[in-house]
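Student: Structural data only, the sequence is not supplied:
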Ligand SMILES: Nc1ncnc2c1ncn2[C@@H]1O[C@H](COP(=O)(O)OP(=O)(O)OP(=O)(O)O)[C@@H](O)[C@H]1O
């Protein structure tokens, strides 16, 4: 026997078929499971002013859509942001395991609509005398602990998760039954008692990160998509969102610190340091960022998470680029960039053919894997350069990779160029002594460095402060 609250919502659904004027909508579900729910709502100031829904499929989805409308109509935005599957199920008097799916879908749809409405028009002031911070939650342990530390530090915490990528034709994320990173992050935030919002940045991410990454591969360069993402796409968008939500600061789980002069500084745990990824942020953005993990090691972060009984305490670290999850790099390049297999010659420095490759766009300077393993001498061979037009990959011994200077472009230095004393030439490479040439077009290295790839970011250092950046160009 279903609970009478469930029956009531099913018999008298609240706001069914209602689409308030100027509403933002969010949908969840689809053909794969036969259930579909759409929530439409408007936000003005700090409140949800009107809401409605439409649903098709099983009765539980209709009841869940109706419960969402009742829960959020007229509610403060940050109360609506606390509504998740658990609250929806509770409003229906509890749901059996088989029907919980309906509460998941209705809250997914709610959060898509709410996230868009907040972006479009919310103005949620911070409470008088309190510092509100927006915490960027990925659903992993680092950002969960960042939220914990921000709250313990006295800030009033609101959380946000960005929806960045869905490869709808391939990895099944269109299916409402697939594991959903955003839903996971929301559930972590809600378990911590924090309001959570979803920001759909799929279009910006595709245009600002994935397309340039594909374009750089097509041009034979080695791009840094995480640098672009942090520098141009996600942090900018979250700072705008913070403004809407009355949050003066944005807190993230990055391992980085801030120097006395307000610039970025390498994290205390140099193995986890992510200042390279953040290096293109402008000082104005850095001023609003908070990095509570900057002085911590990863094991210490996991201990804090375990002590606070956060469900993600042992969640494994993410690997590789987020949009490659579930698919290989070459398969992704072929499917999304039209960069399929294009066999060509592997040559030595004299042009003698040593073997075949699968497409010059798939190789990067310094790479050894996927290259003929030995030359005539039995020495391992490395990629020295690629030519996507001729479709050749040139290989040679490791010594041939070493350079003492390299051309750079798009150089930005915060302060006098003479302050640059070192550079990091790959995301996890140790700094090498370096200075900028007088015309700023070259980095002069104190020691030889092997594996400099055109397209990569050179992060310019003054001690452990990130004092600028440049892009490594082709000679
Ligand atoms: N999809 C996202 N939405 C909101 N914030 C995000 C998202 N992905 C990453 N971040 C923020 O950027 C930080 C660094 O991201 P990165 O991808 O390096 O995650 P990570 O080191 O695996 O961290 P975590 O353990 O929190 O997943 C995260 O700690 C989080 O604050």
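Tutor: Yes, it's here. Every value quoted in this text rests on a predicted model; they were computed, and no experiment measured them.

Student: pull the longest helix from this protein.
Tutor: Ordering each helix of the chain by length in residues (DSSP state H) puts helix 100-121 first.

Student: which residue ranges form the strands in the stretch 1-150 of the chain?
Tutor: 24-29, 36-44, 47-56, 132-136 (DSSP state E, counting those that start in this stretch).

Student: Buried deepest among those, which one?
Tutor: strand 132-136 (a mean of 26; mean count of other C-beta atoms under 10 Å). For the C-beta atoms, the positions are set from N, CA and C on the backbone; glycine is no exception.

Student: sorry, back to before: residue 14 is nearest to which of the strands of the stretch 1-150 of the chain?
Tutor: Among the strands of the stretch 1-150 of the chain, the nearest to residue 14 by C-beta to C-beta is strand 47-56 (8.1 Å).

Student: which parts of the stretch 151-300 of the chain sit against the ligand?
Tutor: Within the stretch 151-300 of the chain, the positions adjacent to the ligand are 161, 162, 164, 252, 253, 254, 274 by C-beta under 6 Å from any ligand atom.

Student: what's the burial count for the second one?
Tutor: Same thing as residue 162. Neighbour count of residue 162, defined by other C-beta atoms under 10 Å: 25.

Student: Could you list the residues in contact with the helix or strand containing it?
Tutor: Using DSSP states H and E, residue 162 maps to strand 156-163. Contact with strand 156-163 is made by 78, 81, 115, 126-127, 130-139, 147, 150-151, 181-182, 185-186, 189, 194-202, 205, 234, 237-238, 241, 245, 247, 251, as judged by C-beta atoms under 8 Å, 6 or more residues apart in numbering.

Student: now do 7 Å
Tutor: Contact with strand 156-163 is made by 78, 126-127, 130-139, 147, 150-151, 182, 185-186, 189, 194-202, 234, 238, 241, 245, 247, as judged by C-beta atoms under 7 Å, 6 or more residues apart in numbering.

Student: List buried residues within those residues.
Tutor: 78, 126, 132-139, 147, 150-151, 182, 185-186, 189, 194-201, 234, 238, 241, 245, 247 (16 or more other C-beta atoms under 10 Å).

Student: Ignoring the adjacent residues along the chain, who's closest to residue 10?
Tutor: Leaving aside its chain neighbours, residue 10 sits nearest to residue 63 (4.7 Å; criterion: C-beta to C-beta, 6 or more residues apart in numbering).

Student: do the same with residue 437
Tutor: residue 444 (5.9 Å).

Student: Specify the beta-bridge partners of that neighbour.
Tutor: On the basis of DSSP bridges, residue 444 is bridged to residue 405, residue 435.

Student: In this structure it contacts residue 435, no?
Tutor: Yes - Residue 444 is in contact with residue 435 according to C-beta atoms under 7 Å; the separation is 5.3 Å.

Student: So between these two, which is more surrounded?
Tutor: Between residue 444 and residue 435, residue 435 has the larger neighbour count (other C-beta under 10 Å), namely 18 against 14.

Student: Please report phi then psi for the closest residue to the ligand within the stretch 151-300 of the chain.
Tutor: Nearest residue of the stretch 151-300 of the chain to the ligand: residue 253, at 2.4 Å (C-beta to the nearest ligand atom). For residue 253, the backbone dihedrals (degrees, to the nearest 10) come out as phi -90, psi 20.

Student: Next, the contact list for it, please.
Tutor: Applying C-beta under 7 Å, 6+ apart to residue 253 gives the contacts 140, 142, 143, 145, 146, 293.

Student: The ligand: which of those residues is nearest?
Tutor: Minimum distance to the ligand across the contacts of residue 253 is 2.2 Å, recorded for residue 140 (C-beta to the nearest ligand atom).

Student: so is residue 311 in a helix, a strand, or just coil?
Tutor: What DSSP: H, G, I helix; E, B strand; the rest coil gives for residue 311 is coil.

Student: re the thing from before, ignoring the adjacent residues along the chain, who's closest to the residue of the stretch 151-300 of the chain closest to the ligand?
Tutor: residue 142 (3.2 Å).

Student: Pretty sure residue 471 sits in a helix.
Tutor: No - secondary structure of residue 471 (three-state DSSP): strand, not part of a helix.

Student: the helices in the stretch 51-200 of the chain, which residues?
Tutor: 59-72, 77-80, 85-91, 100-121, 141-152, 181-191 (DSSP state H, counting those that start in this stretch).

Student: what about stretch 298-317, how long is it end to end?
Tutor: 10 Å (C-alpha to C-alpha, to the nearest Å).

Student: can I see the domain layout of this protein?
Tutor: 2-121, 132-324, 341-396, 403-472 (automatic domain parsing).

Student: element containing whichever residue of the stretch 301-450 of the chain sits closest to the ligand?
Tutor: Relative to the ligand, the nearest point of the stretch 301-450 of the chain is residue 318 (4.0 Å; C-beta to the nearest ligand atom). Using DSSP H and E, residue 318 maps to neither a helix nor a strand.
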